[in-house]
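**Q** structure of the sequence below:
(2 chains)
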Amino acid sequence: GNSVTQMEGPVTLSEEAFLTINCTYTATGYPSLFWYVQYPGEGLQLLLKATKADDKGSNKGFEATYRKETTSFHLEKGSVQVSDSAVYFCALRGPTGFQKLVFGTGTRLLVSP
Amino acid sequence: DGGITQSPKYLFRKEGQNVTLSCEQNLNHDAMYWYRQDPGQGLRLIYYSQIVNDFQKGDIAEGYSVSREKKESFPLTVTSAQKNPTAFYLCASTHQDSQTQYFGPGTRLLVL
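**A** Numbers count the residues shown, from 1 in each chain, chains lettered A, B, ... in the order given. As a prediction, the model looks like this:
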């Protein structure tokens, strides 16, 4: 079945540092890939998505590229801010028909001033 | 403003009691979902509904029940059969032409 593996957290960075959160997946065909962000006590918000190989999703300075050859969708940001502190979830949705989202376990990011 | 609302924000359940979590959306979305979130784990799907008057079990449906009598509403009942209900519950919805799920703010359920 489909599955998503994320790097374990917490990831602790200083403000303006470079961020990478790794995400790899297992799926048949060409799934759609997503990154969601969850701030403390809130629901999930879509951060970015990519629906086909080599697509790059981007939003608020975050980027992730759909790499079919390495089955990866790593999240990156060039310069993090304290306000980026949150939990980040990688997720995939199968390519055909009605497919539920499959989530990774989440990676907590802590950014200090 | 369009969106998904969940109520209450916090809910307390006594032993042997059934409780119902509300989820309402005004996005005209067709599909709705309930997830459970536990610390250190990803989201796990409880139930989902693609259309009114139809719903399917997800990965952890035991001890839960749902209804979908209106397009806008998808309430979740946590029954007394659910022995470990303490968790954060998230409702989501999707338009049939979209692959993106939108989430509500969540309800935290605690057992007294």
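**Q** quick one: contacts for B:D30?
**A** B:D30 makes contacts with B:Q50, B:I51, B:K71, B:T94, B:H95, B:Q96, as judged by C-beta atoms under 8 Å, 6 or more residues apart in numbering or on different chains. For glycine as for every other residue, the C-beta is placed from the backbone atoms N, C-alpha and C.
**Q** from these, list the ones also adjacent to chain A.
**A** B:Q50 (C-beta under 8 Å from any C-beta of the partner chain).
**Q** quick one: low-confidence ranges for the chain?
**A** Assuming you mean chain A. Within chain A, the ranges that satisfy pLDDT under 70 run A:97-98.
**Q** other chain: chain B
**A** In chain B, residues with pLDDT under 70: B:1-2.
**Q** touching chain B at all, stretch A:103-111?
**A** Yes. Applying C-beta under 8 Å from any C-beta, one finds stretch A:103-111 in contact with chain B at A:F103, A:G104, A:T105, A:G106.
**Q** of the residues you listed, closest to B:G3?
**A** Closest approach between the residues of stretch A:103-111 next to chain B and B:G3, by C-beta to C-beta: A:F103, at 21.1 Å.
**Q** that closest one touches A:A91, doesn't it?
**A** Yes. Using C-beta atoms under 8 Å, A:F103 is in contact with A:A91, at 4.7 Å.
**Q** and for those two, which residues touch both?
**A** Shared contacts of A:F103 and A:A91, counting by C-beta under 8 Å, 6+ apart, come down to A:V4, A:Y36.
**Q** which of these two has more residues huddled nearby?
**A** Just comparing A:F103 and A:A91: by other C-beta atoms under 10 Å in any protein chain shown the higher neighbour count belongs to A:A91, 27 against 23.
**Q** what residues does chain B put near chain A?
**A** So chain B meets chain A at B:4, B:6, B:31, B:33, B:40-43, B:45, B:48, B:50, B:58, B:90, B:92, B:99-106 (C-beta under 8 Å from any C-beta).
**Q** most neighbours out of the contacts of B:D30, which is it?
**A** Using other C-beta under 10 Å as the neighbour criterion, B:T94 leads the contacts of B:D30 with 22 neighbours.
**Q** residues contacting it?
**A** By C-beta under 8 Å, 6+ apart, B:T94 lies in contact with B:H29, B:D30, B:A31, B:M32, B:Y33, B:T100, B:Q101, B:Y102.
**Q** not counting its neighbours along the chain, what's nearest A:Y30?
**A** A:P95 (5.0 Å; C-beta to C-beta, 6 or more residues apart in numbering or on different chains).
**Q** strands - which of the residues of stretch A:103-111 next to chain B land there?
**A** A:F103 (DSSP state E).
**Q** picking that back up, can I get the contacts of B:T94 in TSV with secondary structure and distance to A:Q6?
**A** Listed next are these as TSV, based on DSSP: H, G, I helix; E, B strand; the rest coil; distance: C-beta to C-beta, whole Å:
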residue	secondary structure	distance to A:Q6
B:H29	coil	27
B:D30	coil	29
B:A31	strand	25
B:M32	strand	26
B:Y33	strand	20
B:T100	coil	19
B:Q101	coil	18
B:Y102	strand	21
